[in-house]
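A.B. asks: Need coordinates for the following:
(chains A and B)
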Protein chains: 2
Amino acid sequence: MARRTGRRPGNPDTREAILAAARSTFAERGFDGASIRAIAAAAGVDPALVHHYFGSKDKLFLAAMNAPADPAEVVPTVLAGDPGRIGERLIRAFLSVWDSPAGTPALALLRSAVSNEWTARLLREFLTTQVLRRVLDHLDMDPTESPLRGSLVASQLFGLAMARYVLRLEPVATAAPETLVGAVGPTVQRYLTAPLDG
Amino acid sequence: MARRTGRRPGNPDTREAILAAARSTFAERGFDGASIRAIAAAAGVDPALVHHYFGSKDKLFLAAMNAPADPAEVVPTVLAGDPGRIGERLIRAFLSVWDSPAGTPALALLRSAVSNEWTARLLREFLTTQVLRRVLDHLDMDPTESPLRGSLVASQLFGLAMARYVLRLEPVATAAPETLVGAVGPTVQRYLTAPLDG
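C.D. replies: This next block holds a predicted model:
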């Protein structure tokens, strides 16, 4: 069957209708509040067809976002190893995605989120539920602190993307990845694990 | 005379022509490379008229950028006092501009810079020559390190603006300014004054 060759399965119109329904449903209800059933209803298809085309809700979300990488694959490599160097590994992984061909859709997503409130909501949901939640759960931190810690990490990641790829501020724009890992990794580490009041 | 009442002097068409010429000249040549003479020539007016309307090159740049605040006024308040707390004072000043009505043009400028390469160049020049240069000169740091330190500070400021005002990521979006001063100030301080290799 064609599905096994790597081609996308099914009717392209149906597939696109499901993705459009997924984008609006995830943006309206958030990742946790959006069900496959609701997305299928919005697309006018059977829920089984959504599962058939996209697999899990996670995978559907990645496809709907045109996500540059799958956090379910990347985040475990960040978490494995010395917990005192998660910040460095997160910056290294972030740069390796953005410096690769996957950086092109990542940049398009960031630009779109700045001008479009619905894309901003999707990006916020993506970052919160797919990336930060995985990291914060692993660190087993005080749950009253984890949202602030997560959004501080996000602030530094967004800022790094803005300085390196959008505004192209030198020397951050062309610095070797390891220079930035050494400089910015400890910031992320502090946001994740150190006291935050100065 | 009308100029003394606070109204903008001169012919509005001439004024707008000078601002348009200033934007393109600053974007093309950078702040340091753009002369009042070249801007006047591009606008088809006498250089004396540019001085008459806008005063200094610094003031013309602020007007051309529609800058939300004048760094010549804000930066000295950041630099005055304990040099170990410049990071905190910089975040406090940054938030006080962005949280005020001046935040509206600031946000417009950031959005525009993301989608428009010329505005991105102007914003980069503004940040580099009007804000960061003043801070870095004051700290008298190793000149081989100051560009990296400056662009790292910029990365955290851009990221804070993105998280708080553009993507509205909670709780950074609605946190009290002093919470962010305590959390992000030390990051900026480290980028300015601490060793950067981890």
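A.B. asks: quick one, longest helix in chain A?
C.D. replies: Across chain A, the helix with the greatest residue count (assigned by DSSP state H) is helix A:12-33.
A.B. asks: so what's the residue in chain A that chain B sits nearest to closest to, chain neighbours aside?
C.D. replies: At 2.2 Å from chain B, residue A:159 is the closest residue in chain A, using CB to the nearest CB. Heads up, the C-betas are built off the backbone N, CA and C, glycines and all. Spatial nearest neighbour of residue A:159, chain neighbours left out: residue B:159 (2.2 Å); criterion: CB to CB, 6 or more residues apart in numbering or on different chains.
A.B. asks: give me every residue that touches that neighbour.
C.D. replies: A:154, A:155, A:156, A:157, A:158, A:159, A:160, A:162 (CB atoms under 8 Å, 6 or more residues apart in numbering or on different chains).
A.B. asks: And residue A:183, by the same measure?
C.D. replies: B:148, B:152, B:191, B:196, B:197, B:198.
A.B. asks: tally of neighbours for the fifth one?
C.D. replies: I take that to be residue B:197. 11 (other CB atoms under 10 Å in any protein chain shown).
A.B. asks: Buried ones among the contacts of residue A:183?
C.D. replies: B:148, B:152, B:191, B:196 (16 or more other CB atoms under 10 Å in any protein chain shown).
A.B. asks: how does chain A divide into domains?
C.D. replies: Here the domain parsing of chain A from automatic domain parsing is A:2-65, A:71-193.
A.B. asks: which of the ones you listed is buried the deepest?
C.D. replies: Among these, the stretch with the highest mean neighbour count (mean count of other CB atoms under 10 Å in any protein chain shown) is domain A:71-193, at a mean of 19.
A.B. asks: now for it, what's the gap between its first and last residues?
C.D. replies: Domain A:71-193 has an end-to-end distance of 21 Å (criterion: CA to CA, to the nearest Å).
A.B. asks: What average pLDDT does that domain get?
C.D. replies: Domain A:71-193 shows a mean pLDDT of 93 in the predicted model.
A.B. asks: quick one, helices of chain A?
C.D. replies: With DSSP H as the criterion, chain A has helices spanning A:12-33, A:36-43, A:47-54, A:57-65, A:71-79, A:86-98, A:103-115, A:117-125, A:133-139, A:146-161, A:177-193.
A.B. asks: So what's the gap between the last one and the chain middle?
C.D. replies: Its chain's C-alpha centre and that of helix A:177-193 lie 19 Å apart, by CA atoms, centre = their mean, to the nearest Å.
A.B. asks: That one to helix B:177-193, inter-axis angle?
C.D. replies: Orientation note: helix A:177-193 sits at an angle of 150 degrees relative to helix B:177-193 (axes from the mean of the first three to the mean of the last three CA atoms, to 10 degrees).
A.B. asks: The first one now?
C.D. replies: Counting by the same axes, to 10 degrees, helix A:12-33 lies at 110 degrees to helix B:177-193.
A.B. asks: quick one: helix A:12-33 near chain B?
C.D. replies: No. Using CB under 8 Å from any CB of the partner chain, we find that helix A:12-33 stays clear of chain B, coming within 11.8 Å at best.
A.B. asks: Which of the contacts of residue B:159 sits closest to residue B:184?
C.D. replies: residue A:155 (7.4 Å; CB to CB).
A.B. asks: Without its sequence neighbours, what residue ends up closest to residue A:29?
C.D. replies: Nearest residue to residue A:29, sequence neighbours excluded (CB to CB, 6+ apart): residue A:38, at 7.3 Å.
A.B. asks: residues in contact with residue A:177?
C.D. replies: Residue A:177 neighbours (CB under 8 Å, 6+ apart): A:92, A:95, A:96, A:99.
A.B. asks: Could I get the CA-only coordinates of the longest helix of chain A as PDB?
C.D. replies: C-alpha atoms of helix A:12-33 as PDB (Å, rounded to 0.1, in the frame of the first residue of the first chain):
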ATOM      1  CA  PRO A  12      -5.400  15.600   0.300                       C
ATOM      2  CA  ASP A  13      -8.500  17.700   0.700                       C
ATOM      3  CA  THR A  14      -9.700  15.600   3.700                       C
ATOM      4  CA  ARG A  15      -6.200  15.800   5.200                       C
ATOM      5  CA  GLU A  16      -6.100  19.600   4.800                       C
ATOM      6  CA  ALA A  17      -9.600  20.000   6.200                       C
ATOM      7  CA  ILE A  18      -8.500  18.000   9.300                       C
ATOM      8  CA  LEU A  19      -5.400  20.200   9.700                       C
ATOM      9  CA  ALA A  20      -7.400  23.400   9.400                       C
ATOM     10  CA  ALA A  21      -9.900  22.100  12.000                       C
ATOM     11  CA  ALA A  22      -7.000  21.100  14.200                       C
ATOM     12  CA  ARG A  23      -5.400  24.500  14.000                       C
ATOM     13  CA  SER A  24      -8.600  26.400  15.000                       C
ATOM     14  CA  THR A  25      -9.600  23.900  17.700                       C
ATOM     15  CA  PHE A  26      -6.100  23.800  19.300                       C
ATOM     16  CA  ALA A  27      -6.000  27.600  19.200                       C
ATOM     17  CA  GLU A  28      -9.500  28.000  20.700                       C
ATOM     18  CA  ARG A  29      -9.400  25.300  23.400                       C
ATOM     19  CA  GLY A  30      -5.700  24.800  23.900                       C
ATOM     20  CA  PHE A  31      -3.900  21.400  23.500                       C
ATOM     21  CA  ASP A  32      -5.400  19.800  26.500                       C
ATOM     22  CA  GLY A  33      -9.000  21.000  25.800                       C
END
